[in-house]
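>>> Compute the structure for the input listed below.
(chains A, B, C and D)
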2 protein chains.
Amino acid sequence: MAILGAMTARPPGRPRSGVHAVVFAATLSTVHELGYARATVDRIAAAAGIAKTTTYRRWPTKGALIVDCLLDAFGPIPLEGAGRAELMSSAIRWIAAKIAEPGVGDAFAGVFSDAVSDPALREILSTRLQDPYRIALQEALGEPENRVLFFIDVVVGTLLHRMGMTGEPMADDDVTTLTELVLPHFTGSPP
Amino acid sequence: MAILGAMTARPPGRPRSGVHAVVFAATLSTVHELGYARATVDRIAAAAGIAKTTTYRRWPTKGALIVDCLLDAFGPIPLEGAGRAELMSSAIRWIAAKIAEPGVGDAFAGVFSDAVSDPALREILSTRLQDPYRIALQEALGEPENRVLFFIDVVVGTLLHRMGMTGEPMADDDVTTLTELVLPHFTGSPP
DNA sequence: TTAGTATCGATACTTCAGGTAGCGAAACGC
DNA sequence: GCGTTTCGCTACCTGAAGTATCGATACTAA
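Reported below is the predicted structural model:
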């Protein structure tokens, strides 16, 4: 019995091999070992055990590969806190922990830098990576778009600046300080 | 009469031409027009009216050139406010305005990104660019190093993240919001 | 004026990474 | 087996960082 009928009609020819998970893992480990710039598509493909050309059959550019890899590494943002303070605090700790994972912060900072002088990549980064989390935060917090964008600028910008300047992810103490800095501004009441 | 005596004894041979100012201006305008990645050393040199080789006689790498250019563009941080609040507020507005100048933000974000995967450049960035301002802020504010570093992470990180994501410098409204976010944390009294 | 020295511009070159093209081999459904 | 598509492989193009060389030039000292 065909599940979903025509939608699953397999096209003729050799099927694509499911390499996404392997490539994502290879990307993070290669970036972690060699840094972003020296993690070439060639090396990533070799680490994944596939040919470079196969990588370019899946992702049009290195930037697109990295963004997809980050999307996979981040997953959905957990938003189960009771109340705005808990919600935002857990979101900050979540993204800080993700960026601290081996290779994730380097890949994030690296693709972010590339986007500075590549409008096409900036569009991918903004649309595919930032927008889903922005929208989820808007709905969960009931804040307007510009406030949520500012929130993301502060949190992610701070974490990436620390990572870029020191080469190490931000320590837990400072992440706590970051929450203490941000929360009052978004949850406190004006005098 | 020789001023400073032996210290000004000119070495033999053709003297170096003073091209720093011209190269800095050419760097910023080229980065502004073409973006960081497409602002090659070749193009910058051409815009400055000198040969590429002459550029490499002054600066060992593109990153070193950009850092020197930023140092020249920033200049010393103005710290003449009365009281910590005014001091920090004026510092935030100063760096925001500098980053908003044509080419400066792009160059800053670009070299920052390169530093992610280039430890030598990161060292240059940290030592030559960040440290002078960090030390000046430590003395002016009487804050410990880690607090000032955190302050820089938040302010510069936020400004660069906005620049990288949108391609535009942060608007004045949001810079004001940024000061309102940061100031209470550094000037307010704990309950 | 001449000799010596160091920089200049110009050209050519090397290296490396992103990305593309073309091929025969392999993996499917029929 | 046949048609189709993807696979790995190799070769290639482009562009940019950085290096090497060389004659021309600008200056000092004698």
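>>> A:P60 in helix, strand or coil?
coil (DSSP: H, G, I helix; E, B strand; the rest coil).
>>> For A:P12, identify the helix or strand it belongs to.
A:P12 belongs to no helix or strand when elements are defined using DSSP states H and E.
>>> Can you report phi and psi for it?
phi -70, psi 170 (degrees, to the nearest 10).
>>> now the closest residue to DNA strand D within chain A: how far from DNA strand C?
Nearest to DNA strand D in chain A, going by C-beta to the nearest atom of the strand, is A:G13, at a distance of 1.9 Å. The C-beta positions use only the backbone N, C-alpha and C, and glycine is treated the same way. A:G13 sits 5 Å away from DNA strand C, going by C-beta to the nearest atom of the strand, to the nearest Å.
>>> Phi and psi next, for that residue.
phi 100, psi 180.
>>> okay, it: pLDDT?
With respect to pLDDT, A:G13 scores 85.
>>> ok, the helix or strand of chain A with the lowest mean pLDDT near DNA strand C or not?
Least confident element among the helices and strands of chain A, by mean pLDDT, DSSP states H and E: helix A:104-116 (a mean of 89). No. Counting by C-beta under 7 Å from any atom of the strand, DNA strand C has no neighbours in helix A:104-116; the shortest distance is 9.0 Å.
>>> Against which helices or strands is that helix packed?
helix A:20-34, helix A:62-74, helix A:84-100, helix A:119-124, helix A:145-166, helix B:104-116, helix B:145-166 (3 or more C-beta pairs under 8 Å, 6 or more residues apart in numbering or on different chains; DSSP states H and E).
>>> which one of those has the most crowded surroundings?
With neighbours defined as mean count of other C-beta atoms under 10 Å in any protein chain shown, those peak in mean count at helix B:104-116, which reaches a mean of 25.
>>> got the angle for that helix vs helix B:62-74?
140 degrees (axes from the mean of the first three to the mean of the last three C-alpha atoms, to 10 degrees).
>>> Where among the helices and strands packed on helix A:104-116 is average confidence lowest?
helix B:104-116 has the lowest average pLDDT among the helices and strands packed on helix A:104-116, namely a mean of 89.
>>> The spatially most central residue of chain A and B:H161: what is the separation?
Chain A has A:L70 as the residue nearest its centroid, 3.7 Å off, counting by C-alpha atoms, centre = their mean. According to C-beta to C-beta, to the nearest Å, A:L70 and B:H161 sit 15 Å apart.
>>> Contact residues of chain A facing DNA strand C?
So chain A meets DNA strand C at A:10, A:12-15, A:37-42, A:52-53, A:56, A:60-63 (C-beta under 7 Å from any atom of the strand).
>>> Of those, just the buried ones, PyMOL syntax please.
To isolate the buried members of the residues of chain A next to DNA strand C in PyMOL, using 16 or more other C-beta atoms under 10 Å in any protein chain shown:
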select buried, chain A and resi 37+39+41+62+63
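>>> What's the local residue count around A:E80?
8 (other C-beta atoms under 10 Å in any protein chain shown).
>>> tell me the SS of it?
coil.
>>> For the residue nearest to it when sequence neighbours are not counted, list the residues it contacts.
The shortest distance from A:E80 to any non-neighbouring residue, by C-beta to C-beta, 6 or more residues apart in numbering or on different chains, is to A:S90 (7.5 Å). The neighbours of A:S90, taking C-beta atoms under 8 Å, 6 or more residues apart in numbering or on different chains as the test, are A:P78, A:L79, A:E80, A:G81.
>>> Same check on A:F186?
Counted by C-beta under 8 Å, 6+ apart, A:F186 has contacts A:R84, A:M88, A:L141, A:E143, A:R147, A:F151.
>>> Next, format these as CSV and append distance to B:L28.
Formatted as CSV, the contacts of A:F186 follow (distance: C-beta to C-beta, whole Å):
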residue, distance to B:L28
A:R84, 42
A:M88, 38
A:L141, 39
A:E143, 36
A:R147, 33
A:F151, 31
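>>> I'd like those as TSV, with distance to chain B appended.
Listed next are these as TSV, based on distance: C-beta to the nearest C-beta, whole Å:
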residue	distance to chain B
A:R84	16
A:M88	13
A:L141	16
A:E143	13
A:R147	9
A:F151	10
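>>> Of the contacts of A:S90, which is the most crowded?
When neighbours are counted by other C-beta under 10 Å, A:L79 leads the contacts of A:S90 with 17 neighbours.
>>> so what's that one up against?
Contacts of A:L79 by C-beta under 8 Å, 6+ apart are A:L87, A:S90, A:A91, A:A136, A:L137, A:A140.
>>> swap the cut-off to 10 Å and go again
Counting by C-beta atoms under 10 Å, 6 or more residues apart in numbering or on different chains, A:L79 touches A:E86, A:L87, A:M88, A:S90, A:A91, A:W94, A:Y133, A:A136, A:L137, A:E139, A:A140, A:L141.
>>> Which of those residues sits closest to DNA strand C?
Lowest distance from DNA strand C to the contacts of A:L79 (C-beta to the nearest atom of the strand) belongs to A:Y133, with 24.7 Å.
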